[in-house]
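**Q** This is a predicted model, with the sequence first.
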Protein chains: 6
Amino acid sequence: MTQEKTLSHVNQHGEANMVDVTDKSVTQRVAYAQGNVLMSPKTLSLINNQQHAKGDVFAVARIAGIQGAKKCSDLIPLCHPLMLTKVQIDFATLEDESGIRISAMCKLAGQTGVEMEALTAVSVAALTLFDMCKAVDPSMTINGIQVVEKLGGKTGHWQRKEAQAS
Amino acid sequence: MTQEKTLSHVNQHGEANMVDVTDKSVTQRVAYAQGNVLMSPKTLSLINNQQHAKGDVFAVARIAGIQGAKKCSDLIPLCHPLMLTKVQIDFATLEDESGIRISAMCKLAGQTGVEMEALTAVSVAALTLFDMCKAVDPSMTINGIQVVEKLGGKTGHWQRKEAQAS
Amino acid sequence: MTQEKTLSHVNQHGEANMVDVTDKSVTQRVAYAQGNVLMSPKTLSLINNQQHAKGDVFAVARIAGIQGAKKCSDLIPLCHPLMLTKVQIDFATLEDESGIRISAMCKLAGQTGVEMEALTAVSVAALTLFDMCKAVDPSMTINGIQVVEKLGGKTGHWQRKEAQAS
Amino acid sequence: MTQEKTLSHVNQHGEANMVDVTDKSVTQRVAYAQGNVLMSPKTLSLINNQQHAKGDVFAVARIAGIQGAKKCSDLIPLCHPLMLTKVQIDFATLEDESGIRISAMCKLAGQTGVEMEALTAVSVAALTLFDMCKAVDPSMTINGIQVVEKLGGKTGHWQRKEAQAS
Amino acid sequence: MTQEKTLSHVNQHGEANMVDVTDKSVTQRVAYAQGNVLMSPKTLSLINNQQHAKGDVFAVARIAGIQGAKKCSDLIPLCHPLMLTKVQIDFATLEDESGIRISAMCKLAGQTGVEMEALTAVSVAALTLFDMCKAVDPSMTINGIQVVEKLGGKTGHWQRKEAQAS
Amino acid sequence: MTQEKTLSHVNQHGEANMVDVTDKSVTQRVAYAQGNVLMSPKTLSLINNQQHAKGDVFAVARIAGIQGAKKCSDLIPLCHPLMLTKVQIDFATLEDESGIRISAMCKLAGQTGVEMEALTAVSVAALTLFDMCKAVDPSMTINGIQVVEKLGGKTGHWQRKEAQAS
């Protein structure tokens, strides 16, 4: 309980603190994250038609997301460098809103979790979708970036409560 | 109108297409973007108290966001390399929800707009806040990443409609 | 003539020498480069069928090549950092051999030529094709990477002699 | 046999697919690759004389190749990040043609092979040689980049058939 | 003794040589390094007052140092890529001179020592302090960058002789 | 005078502040920096003998320094991305102490000075020398990193007072 009240990335003097994972055991870790890019129905239709023809919009965003996951520790100052063994990015049309759902899964056998890598993959894929459509629709919004589920490590299995409903 | 129906980053064969900006004139360009990190009131209070003491949480996220803006063309495949002349990141407590508003401004004299740089700055700052608080609050959500306003270039002044209200 | 006998990137003491381009005038520069990935007919057919369905093999290699062009000065020690305004990568099936021809075009208004950027784009796209097919065909060969044509700068228009025939 | 007909880096929907190596065992892996830079006899003589004096041309290309090997997963989208334990680059004058043979060896104890790292080392060293000689000889060609031999992993020892003769 | 007379990073032909660590055992390794930024008393007072208020000068330099440690193998050609498990940076006011002492500690379980990572962390933090104060005091000097202590690996515990006195 | 009392890289709230150079005029700028690596006479003799034979130690450090200068804005958070037009690194044996003097010159036509690039070039070259000799002499010290002279920009010509004497 007291433990819950401490920001692990800031030490007792309020200084940035990279968590020491030297003595944590190596276990298989998986994290799932997701996020949405909301856009006008016209833009959505352009992307989806594009996809039926050649699929390059999603292909570019997928590659950007995978590359982004690998750059996570270069982007986020207190993240540890990791050797990801798998990154997967999927796209789906949202049902309730006009937009695209981006899902990412990251995996490795290591000493620390990979949720930041999964979130970075989603964010970079979302920014890339935005970039490719911004001339048509500059009012898009990136929404709902969150961790959905994680497995492995000391905390074991964690699942976002509203994950089923979202 | 017809022009509006084309994705500029995909050519007529559906292939990824880096827009040719060689002949665009060099003008001063500014872009403003924003995004929110929603969190539990307890987490928000931890960050804000932290901030009153030493401020390192926001300091780390600010630096990460500035560095992220500079990495934009490395992260987003079809972005052009740019020489930003100014990046600014600000943080504020949200009034209606429990969370932090991140605002970014990017500026340069160049041949292409800097909204992707501002969006990247917001995204990386948001991911860094998430990283620093995730041990306490793994259910945070990054929301509402969008361009608020841009100036310069052929399109001139553009402002998001709901920007005043948000 | 005597000038032709000097390696510009090594000074008179045999030391690595970054050419000083401070006083060179800014002109529009374009460079075209190409290269081939030779592979078994079976592999070629796999890629081409893939391409007809969804095109991801070429899409990944195209993105990798564009990103590679932007990283040129990070990869090649004596290259100057540049702000490319356009990178384009195309793929075609070779007619005389079993393989893929990769063509790249790079463009900018700057003080130095962009042939190294175009060659880097071709090389990274070729390595990516290799990576994606190596489980099927580890004996592929990357061949014929060369500059085809360049325009702009003090030397003006240069065209490879055998370029028409190749 | 059926297995041979699948591109491992594209899934059944034609989408880019990073191979999951989480469960592959850690074994010592070595890969050898090579490539040639063909040039005019005059250019070759300039490099070789240079080398006798101070050797900087090869020294720069060697460093570039080693650094390139370390950047492999940043350049090639579906490559896994790896921790190379050894990279070696050698140069030799070709006997049958006017040019330089570049050989690279990469090594690590890991879950995936290092042939892409060795090929990247050769490619970046070749591009660097090209860059250093291009003012003298813009018609050079980079040829014959291929894997020569690899050891370790499930496939064990693999050797290119014509490797002995080349 | 004879062994002491060889530069391990240059082979018998005088060529750059990345040490092969494939067969070295994985042990826990720690390295401590330090360095000083000497400045005018007025500049020191500006930084320290700043620090009492909000601390951003040290916060920025700390983040830069941590990120620098992670980039070590990208900066120093013959360094191996490593997965640091902990980087810590501390700042203190020098007692005998007008300036700031920067101390860094790096840690991992791996096959090679981390003193270069610790030295890089100190150097980048020092350069960042310099950058932030250079408008006020362009005559600052970065001094005394050295390894203080290292543990782990074949050489075991090593401590700089004058470390106690400095 | 009052102006001298402000840290330009921290704003009035103590937050990290990237200086806005959008409206600064483009002028030719040059900066010279230097630093020393102090080592035992035995180590110095190893490097110098090495240098007479093949020179790879200095060649590697020179390349690392040039590449380091190009990475300056990636390493130092509040530095602007720049397009250097020339980087030069020189080495000399110190006369009064046992060690190597590293000198760097950086140049560009731009909106901001290049002293941080020159200091980064010196620092990375020094770290590389250290890395290559550390197995022989782990007690080396990097000393006296400072700006020697800068030209261009609003401040015009600035020269370090003791520069002549050092």
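**A** Looks like it came in fine.

**Q** next SSE after the worst-scoring helix or strand of chain A on mean pLDDT?
**A** Within chain A, no helix or strand scores below helix A:41-53, which has a mean of 81 by mean pLDDT, DSSP states H and E. Sequence order places helix A:56-70 as the next helix or strand after helix A:41-53, per DSSP states H and E.

**Q** Stretch A:41-48 and chain B in contact?
**A** Yes: for stretch A:41-48, a contact with chain B is found by CB under 8 Å from any CB of the partner chain, at A:42, A:46-47. (C-beta placed from N, C-alpha, C; glycine too.)

**Q** Top of those residues by number of neighbours, please.
**A** Using other CB atoms under 10 Å in any protein chain shown as the neighbour test, these are led by residue A:47, with 26 neighbours.

**Q** In this structure that residue contacts residue A:137, no?
**A** No: using CB atoms under 8 Å, residue A:47 makes no contact with residue A:137, being 9.9 Å away.

**Q** Need the residues touching each of these two.
**A** In terms of CB atoms under 8 Å, 6 or more residues apart in numbering or on different chains, residue A:47 and residue A:137 are both contacted by the residues residue A:39.

**Q** Just the buried residues of the longest helix seen in chain A, please?
**A** In chain A, with assignment by DSSP state H, the single longest helix is helix A:115-133. The neighbour-count check on helix A:115-133 (16 or more other CB atoms under 10 Å in any protein chain shown) flags A:115-133 as buried.

**Q** just those that are near chain E?
**A** Checking the buried residues of helix A:115-133 against chain E by CB under 8 Å from any CB, not one of them is in range.

**Q** burial count for residue A:95?
**A** As a burial measure, residue A:95 scores 7 neighbours (other CB under 10 Å).

**Q** how close does the residue of chain A found nearest chain F sit to residue E:145?
**A** Relative to chain F, the nearest point of chain A is residue A:74 (8.9 Å; CB to the nearest CB). Distance, residue A:74 to residue E:145, using CB to CB, to the nearest Å: 24 Å.

**Q** which secondary structure elements does the helix or strand following the longest helix of chain A contact?
**A** Remark: after helix A:115-133, the chain's next helix or strand is strand A:141-151, criterion DSSP H and E. Applying 3 or more CB pairs under 8 Å, 6 or more residues apart in numbering or on different chains; DSSP states H and E, we find strand A:141-151 packed against strand A:27-38, helix A:115-133, strand A:158-159, helix B:115-133, strand B:141-151.

**Q** For the spatially most central residue of chain A, which non-adjacent residue is closest in space?
**A** Central residue of chain A (CA atoms, centre = their mean): residue A:119, 2.1 Å from the mean position. Counting by CB to CB, 6 or more residues apart in numbering or on different chains, residue A:33 is the residue found nearest to residue A:119 once chain neighbours are left out, at 4.7 Å.

**Q** State the number of residues packed around residue A:161.
**A** Residue A:161 is flanked by 8 other residues according to other CB under 10 Å.

**Q** tell me the contacts of it?
**A** residue B:139.

**Q** One more: residue A:10?
**A** Contact analysis of residue A:10 by CB under 8 Å, 6+ apart lists A:16-17, B:50, B:56-57, B:132.

**Q** Can you tell me which residues in chain A are near chain E?
**A** A:14-22, A:73-74, A:77-78, A:80-83, A:111.

**Q** change it to 6 Å
**A** Within reach of chain E by CB under 6 Å from any CB of the partner chain, chain A has these residues: A:16, A:18, A:20-22, A:73, A:77, A:81.

**Q** re the thing from before, over the longest helix of chain A, what's the mean pLDDT, rounded is fine.
**A** The predicted model assigns helix A:115-133 a mean pLDDT of 97.

**Q** Taking strand A:27-38 as reference, get the angle to that helix.
**A** Calculated by axes from the mean of the first three to the mean of the last three CA atoms, to 10 degrees, helix A:115-133 forms an angle of 30 degrees with strand A:27-38.

**Q** what's the burial count for residue A:154?
**A** Neighbours of residue A:154 (other CB under 10 Å): 8.

**Q** And it, its phi and psi?
**A** Torsion angles at residue A:154 (phi, psi; degrees, to the nearest 10) stand at phi -60, psi -40.

**Q** how about the one helix or strand residue A:73 maps to, does it reach chain B?
**A** Per DSSP H and E: residue A:73 is located in helix A:72-75. Yes: Helix A:72-75 comes into contact with chain B (CB under 6 Å from any CB), by way of residue A:75.

**Q** So that helix, near chain C or not?
**A** No: judged by CB under 6 Å from any CB, helix A:72-75 and chain C are separated, with a smallest distance of 13.0 Å.

**Q** buried residues in that helix?
**A** Using 16+ other CB under 10 Å as the test for burial, helix A:72-75 gives A:72-75.

**Q** could you dump these to TSV with distance to residue F:97 and pLDDT?
**A** Output for those, formatted as TSV (distance: CB to CB, whole Å; pLDDT from 0 to 100):
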residue	distance to residue F:97	pLDDT
A:72	43	98
A:73	39	97
A:74	37	97
A:75	41	98
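
**Q** how about TSV for the residues you listed, with distance to residue A:94 added?
**A** Below are these laid out as TSV (distance: CB to CB, whole Å):
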residue	distance to residue A:94
A:72	26
A:73	31
A:74	31
A:75	26
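
**Q** Just name the closest of those to residue A:149, please.
**A** Each of the buried residues of helix A:72-75 was checked against residue A:149 using CB to CB; the closest is residue A:72, at 18.1 Å.

**Q** pretty sure residue A:125 contacts residue A:67?
**A** No: counting by CB atoms under 6 Å, residue A:125 does not reach residue A:67; the two are 9.9 Å apart.

**Q** on that earlier part again, just the buried ones out of the residues of chain A next to chain E, please.
**A** Among those, those buried by neighbour count (16+ other CB under 10 Å) are A:16, A:18, A:21, A:73, A:77, A:81.
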